[in-house]
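**Q** Any chance you can model this:
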Amino acid sequence: MSSSIRRTDLLALSNLRNDGRRPEEIRRMRIQMGPLSAHGGSAVVEMGLTVVLASVRGPIECSRRSEERSDRAILDVTVKTAPFAPSADRRVTNPNTDRRLVEQSHQLKRAMEAAILLHLYPKSRIEITVWVLADDGGRLCAAINATTIALVDAGIPLKDLVCACSAGGATDDVVLLDLNRREEMSAGGQPAVYLPCAMLPQRGTVVLSQCEARLPSLKTLEKVMDAAMDGCRAVFDILQAAIREHASTLLLARAGQATIEESTSSLEQLKT
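**A** Residues are numbered from 1 along each chain as shown. Just a heads-up that it's a prediction; the model follows:
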């Protein structure tokens, strides 16, 4: 008599998560710098099955004089979702009225304001547009990481790289790192703990942290926060390696020892 073991049971017996990762392991990341040649800076970041495209334009002149700041530049951040991005909800969302997109735009803006040297560009504006192309959880963290790379590609000076990662889980004894969509959902009628965190790793400064679930104790919060910060440091190593690889490619191309293929893609292709 033959018996078969389901994949979920096999992963549970091996103390692995539903996608095969260990609790302290982040999802596989892929980074592409400068995919949009028509913009000042752009980047595509993949965190597992979540794909985010970020573009940066500026510094440019403010459209209205009332928006100008005499001592620094202002940030104009917009987060949009492609109609094919969500796995279940296929509705076309308006970035100006959708509550989740507006909230994430404000969170992304606060995180970037903590790192960009805005005082170098008084009376100007920097536009940041983020497209969520595929959403399997952690899209805010992916948006922050993609925006950081796009700012580097645009040559905008930063105090430090803004790196983001999430931590949490449905149980108190095991803290999961870099949660996917299934892990972000509630389990057993109880909302899962989900804490996205963004920090400046080289300075050790947390610039964004939010948790909407009720935690049983302060010790649990410290445990989840420490795990999220460890994830941010792991993301920093990946971002730094991608930037160095891109810089070395540019240097080789300048010396005539390599060629750079430019993408003709445009954000206009995503508009419906």
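
**Q** Could you use CA atoms for every contact and neighbour count after this?
**A** Will do.

**Q** which stretches of the stretch 1-150 of the chain form strands?
**A** Along the stretch 1-150 of the chain, counting by DSSP state E, counting those that start in this stretch, strands occupy 29-33, 41-47, 50-61, 74-81, 124-134.

**Q** Which neighbouring elements make contact with the third one?
**A** Think strand 50-61. strand 41-47, strand 124-134, helix 139-154 (3 or more C-alpha pairs under 8 Å, 6 or more residues apart in numbering; DSSP states H and E).

**Q** Please dump the ones you listed into CSV; it should also carry mean neighbour count for every row.
**A** Conversion of the helices and strands packed on strand 50-61 to CSV gives the following (neighbours: other C-alpha atoms under 10 Å):
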stretch, mean neighbour count
strand 41-47, 25
strand 124-134, 22
helix 139-154, 26
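
**Q** Now render those as a markdown table, adding mean pLDDT.
**A** A markdown table is the format used below for these (pLDDT from 0 to 100):
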| stretch | mean pLDDT |
| --- | --- |
| strand 41-47 | 95 |
| strand 124-134 | 94 |
| helix 139-154 | 96 |
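
**Q** Tabulate these (TSV), appending distance to Arg181.
**A** Output for those, formatted as TSV (distance: least, C-alpha to C-alpha, whole Å):
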stretch	distance to Arg181
strand 41-47	12
strand 124-134	11
helix 139-154	9
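
**Q** out of those, nearest to Gln240?
**A** helix 139-154 (9.3 Å; C-alpha to C-alpha).

**Q** What strands flank the helix or strand following the closest one, and is each parallel or antiparallel?
**A** Of the helices and strands lying after helix 139-154 in sequence (DSSP states H and E), the nearest is strand 163-169. Sheet pairing of strand 163-169 (DSSP bridges) gives strand 176-177 (antiparallel), strand 193-200 (antiparallel).

**Q** mean pLDDT lowest for which of those?
**A** Per-stretch averages of pLDDT across the strands paired with strand 163-169 put strand 176-177 at the bottom, with a mean of 89.
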